[in-house]
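# need the 3D shape of this:
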Amino acid sequence: MRWIRGRERERGSISLWAVTAAFAMIILAGLAVDLGGKVQAQQHAIDVATQAARAGGQQLDAAQAVRGHGTQIDPTLAAAAARAYLAASDLTGTVTTRGGSTVVVTTSGSYSTKFLGIIGISSLPVTGSAESRIVRVYQGTER
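Numbering: from 1, shown residues only. The predicted structure follows:
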């Protein structure tokens, strides 16, 4: 009978440990999945910003380029092209032009978590930025 009484005092201790360990494993798996997903979403935001800046940078002021007076972007067309690229993506962002030769794009969005919602984190913010600069190069030297 003594042995039975000793066992009764330990009843449920393994269950509590198992529940705690299982919860910790879910949180760790959630961190791995959701932080990996955030990195992928961050790379997507950077890629969208890069491609929008490229689209804007291709809008040259044709009149100056044809006359040989240098290459500059048409700020209105460049901003419109970059905004059109952003509008076609799933992100929001801003477009600015600088100095007649640079298009700057920043993007923002969020990653919806899969597991971290268990602890109250339903989304993680992501951002990206990129710029394209128009240069004139002659025989490998910027002019």
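# so who does the residue lying closest to Tyr111 once chain neighbours are set aside touch?
Computed as C-beta to C-beta, 6 or more residues apart in numbering, the closest residue to Tyr111 that is not its neighbour in sequence is Ala41, at 4.0 Å. Any C-beta I mention is one placed from the backbone N, CA and C, and that applies to glycine too. With contact set as C-beta atoms under 8 Å, 6 or more residues apart in numbering, Ala41 has these partners: Gly109, Ser110, Tyr111, Leu124, Val126.
# give me phi/psi at Ala41?
Dihedral angles of Ala41 (phi, psi; degrees, to the nearest 10) stand at phi -70, psi -40.
# quick one: residues contacting Ala87.
Contacts of Ala87 by C-beta under 8 Å, 6+ apart: none found.
# buried stuff in the host helix or strand of it?
Assigned by DSSP states H and E, Ala87 falls within helix 75-88. Neighbour-count burial for helix 75-88, with 16 or more other C-beta atoms under 10 Å as criterion, is recorded at Pro75, Ala78, Ala79, Ala81, Ala82, Arg83, Tyr85, Leu86.
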